[in-house]
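Colleague: I need the structure of the sequence given here:
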Amino acid sequence: MPKTRRTPKVETRLSPVAHIQFDQLCRLEGKTKTEMARRAILWYMEHHDRLRNEEIEGKLEQRLSKIENRLAGLLVRLGIDIGTIYSLLWIRSDPATRKETFLDCYTNAVRRMKNKLRKEEQEIRESMGS
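Modeller: Predicted coordinates for the structure are as follows:
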């Protein structure tokens, strides 16, 4: 008579409420508790990496969202500060030359920024058409 090979046994404990729910689920599915537990463990092992990655991605999305919100807030504050300075200088400048002065300042600022861009950044900027 050939010997049957036994597989290792896995045991666990459930709270009384969870045990009742598990028992009801087994009856509903028409499966034994052993069969249902085996299926649940195998399913979890097959999907573990995906579940873990989804958890990590969710946390990363939350962090990125916080970073985006922080950067947006900083840009708003920066825009308000720049607008305040611009208005102050506009009001305090000579009305006869202010348009020409501000246009010269704008042109010089654009030129300085273009000179600071690295070659790769210029290629990206040009490919975007700006």
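Colleague: which SS class is residue 95?
Modeller: Secondary structure assignment for residue 95 (DSSP: H, G, I helix; E, B strand; the rest coil): coil.
Colleague: quick one: the strands in this structure?
Modeller: Shown for the chain, no strands are assigned by DSSP state E.
Colleague: okay, now residue 120: neighbour count?
Modeller: 8 (other Cβ atoms under 10 Å). Bear in mind the C-beta positions are built from the backbone N, C-alpha and C, glycine included.
Colleague: show me what contacts it?
Modeller: Residue 120 sits next to no residue when contact means Cβ atoms under 8 Å, 6 or more residues apart in numbering.
Colleague: distance of it relative to residue 65?
Modeller: Separation of residue 120 from residue 65 (Cβ to Cβ, to the nearest Å): 28 Å.
Colleague: residue 123 now?
Modeller: 30 Å.
Colleague: how about residue 95?
Modeller: Taking Cβ to Cβ, one finds residue 95 at 46 Å from residue 65.
Colleague: one more: residue 35?
Modeller: Counting by Cβ to Cβ - residue 35 and residue 65 are separated by 43 Å.
Colleague: and the pLDDT for residue 33?
Modeller: pLDDT recorded at residue 33 is 94.
Colleague: and for residue 130?
Modeller: On the pLDDT scale, residue 130 is placed at 59.
Colleague: likewise for residue 122?
Modeller: Confidence for residue 122, expressed as pLDDT, is 74.
Colleague: residue contacts, it?
Modeller: residue 114.
Colleague: again, but for residue 51
Modeller: Here residue 51 is in contact with residue 44 (Cβ under 8 Å, 6+ apart).
Colleague: gap between residue 107 and residue 81?
Modeller: For residue 107, the distance to residue 81 - Cβ to Cβ - is 22 Å.
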